[in-house]
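Asks: Just need the structure, nothing else, for what follows:
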Amino acid sequence: MIDEDVESWFKYPQYRNWFNKLFVADFFGYKCGPASVPIPEDGYYITRPTYNLKGMGAGAKICYYNKDDIPHLPAGHFWCEVFTGGHYSVDYVKRGEILEQLVCFQGYNNCNDLSYFLKWERIDKQFALPTVLFNLDVERLNIEIIGDKVIEVHLRGGFDHMLDYTELYPVFENTTNVLVPDDCTWIEGEEDGNGEITNKRLGYYVK
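Replies: Residues are numbered from 1 along each chain as shown. I've put the predicted structure just below:
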């Protein structure tokens, strides 16, 4: 069972375009562009690496730009319009020839640090897969959605190993005053985004 993007990079070479977050944004018709391309209109934009196989929101931030601004971004980064609404992580599993939704978690993060999630909550919400994703020949699929906009595609599972829980409280190395219910269980899950996250995640309290 594949749990890392690096593994699915090798297993599904025919689908490597989906690892490219700029490709995803452009495919779905969002306002977006690579470093050096000017902003089309005033507003808030998220900037982040085009490729990031270790995830964790490494290198992502939200900034306000004026029309025709050229963001000073590191090479390999891109900008995209910012969407409003809930942040969802949705898992699908192949049953027969069909990808069926398995579980959906809603995340609550800190807008000042997009890597820092306060809580993930399992919810009863269904998302219809776009046809192009529905037809992918993969065993599992995870998509990240804000509002109703697909922002990331992963050819592996996300929270499908957390099916026994309804609430997840990430704990980070420099986190203080973590407010979690008393009846939670600790699950270790250390991750630092391949060294890109200075406040690394240590694990989760789960309920």
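
Asks: Please make it C-alpha for all contacts and neighbour counts, starting now.
Replies: Noted.

Asks: How is this protein partitioned into domains?
Replies: If you go by automatic domain parsing, the domain ranges for the chain are 15-81, 87-206.

Asks: I'd like the distance from the last one to the chain centre, please.
Replies: Distance, stretch centre to chain centre, for domain 87-206: 7 Å (Cα atoms, centre = their mean, to the nearest Å).

Asks: what's the first-to-last distance across it?
Replies: This stretch, domain 87-206, spans 19 Å end to end (Cα to Cα, to the nearest Å).

Asks: Give me the average confidence score over that domain.
Replies: Averaged over domain 87-206, pLDDT sits at 90.

Asks: Name the surrounding residues that touch stretch 153-168.
Replies: Identification of contacts with stretch 153-168 by Cα atoms under 8 Å, 6 or more residues apart in numbering yields 2-5, 8, 12, 18-19, 24, 89-92, 102-103, 105, 119-123, 138-144, 204-207.

Asks: need the domains of the chain in TSV with mean neighbour count, can you?
Replies: Shown next, in TSV, are the domains of the chain (neighbours: other Cα atoms under 10 Å):
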stretch	mean neighbour count
domain 15-81	17
domain 87-206	17
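
Asks: Would you mind writing the CA trace of stretch 27-36 as CSV?
Replies: Output of stretch 27-36 as CSV, limited to C-alpha atoms (Å, rounded to 0.1, in the frame of the first residue of the first chain):
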residue,chain,number,x,y,z
PHE,A,27,-5.8,22.6,-15.7
PHE,A,28,-8.8,23.6,-13.6
GLY,A,29,-8.7,27.1,-15.0
TYR,A,30,-7.5,29.0,-11.9
LYS,A,31,-5.6,32.4,-12.1
CYS,A,32,-2.0,31.2,-11.7
GLY,A,33,1.5,31.5,-13.1
PRO,A,34,5.1,30.6,-12.5
ALA,A,35,7.7,32.9,-10.9
SER,A,36,8.4,35.9,-13.2
